[in-house]
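Student: Test case, fold it:
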Amino acid sequence: MPIKPLIILPDPILRQVSKPVERVDAPVRKLADDMLATMYDAPGIGLAAIQVGEPLRMLVIDLAKEDETPAPHVFINPEILESADARSVYEEGCLSIPDYYAEVERPASVRVKYLDRDGKLQEIEAEGLMATCLQHEIDHLNGVLFIDHISKLKRDMVVKKFKKLARDKAPGKLVG
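Tutor: Model (predicted):
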């Protein structure tokens, strides 16, 4: 299970809308395993396929703490069926926006249908951190980042910072 490179802001790939997975087969399951390995290595609690450069509607989540047995979840073609009116606020971060965190308000619970890693149709009623994580990752599949849920001023500052970091890391020009 190779670790895949993470796509980092301001890469425009993060704004792509991901395409549905046509068939759950061995390559899709391998991608899920690679995504889990990448997420654990980062370390993170959720990862969408687009964050490793695969524009597919697929994500992985594991909310187990360090001292707990891993509890990986694979969600293929997830779709939010229902969102609660009640709201909750969590401090969110993102592997594609390293070392930046902000409080985001989202529905407190959601009902999501998806295919599991065996291609079986499943449904989950999620609340708390799982609901937040699912919404965060499903946003990725739609080209939406968690910073899109904060004030324009804060978002602009974050984007500017990451554009500067990307420029500073760009290879220099050779003068002949």
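Student: make it CA atoms for all contacts and neighbour counts henceforth
Tutor: Will do.
Student: Name the helix or strand for Asp34, please.
Tutor: Assigned by DSSP states H and E, Asp34 falls within helix 26-41.
Student: tell me the phi and psi of the residue nearest to Asp139 when sequence neighbours are not counted?
Tutor: Nearest non-adjacent residue to Asp139, counting by C-alpha to C-alpha, 6 or more residues apart in numbering: Leu145, 6.4 Å away. As for Leu145, its main-chain torsions (degrees, to the nearest 10) stand at phi -110, psi 160.
Student: Let the chain start at 8 from now.
Tutor: From this message on, residue numbering opens at 8, which makes the last subject Leu152.
Student: you'd agree Leu152 is up against Arg162?
Tutor: No: Leu152 lies out of contact with Arg162 (C-alpha atoms under 8 Å); the separation is 10.0 Å.
Student: So those two - more neighbours on which side?
Tutor: Legend: neighbour count by other C-alpha atoms under 10 Å for Leu152 and Arg162, higher for Leu152 (20 against 15).
Student: How many residues are close by the residue lying closest to Lys26 once chain neighbours are set aside?
Tutor: Counting by C-alpha to C-alpha, 6+ apart, Leu63 is the residue found nearest to Lys26 once chain neighbours are left out, at 4.9 Å. Neighbour count of Leu63, defined by other C-alpha under 10 Å: 20.
Student: what bits of this protein have low per-residue confidence?
Tutor: Applying pLDDT under 70 to the chain flags the ranges 178-183.
Student: can you map out the helices along it?
Tutor: Here the chain has its helices, by DSSP state H, at 33-48, 135-148, 159-176.
Student: For the last one, buried residues please.
Tutor: Of the residues in helix 159-176, those buried by neighbour count under the rule 16 or more other C-alpha atoms under 10 Å are 165, 169.
Student: and if you look at the second one?
Tutor: By neighbour count, and taking 16+ other C-alpha under 10 Å as the criterion, the buried residues in helix 135-148 are 137-148.
Student: How far does that helix sit from its chain's centre?
Tutor: On the basis of C-alpha atoms, centre = their mean, to the nearest Å, helix 135-148 sits 7 Å off its chain's mean C-alpha point.
Student: and that helix, what does it pack onto?
Tutor: Applying 3 or more C-alpha pairs under 8 Å, 6 or more residues apart in numbering; DSSP states H and E, we find helix 135-148 packed against strand 53-55, strand 65-68, strand 94-101, strand 104-114, strand 116-122.
Student: Out of those, flag the one nearest Ala177.
Tutor: Closest approach to Ala177 among the helices and strands packed on helix 135-148 (C-alpha to C-alpha): strand 104-114, 17.4 Å.
Student: thinking again about what came up before, quick check: of the buried residues of helix 135-148, which lies closest to Ala33?
Tutor: Checking the buried residues of helix 135-148 against Ala33 with C-alpha to C-alpha, the nearest one is Leu148 at 21.3 Å.
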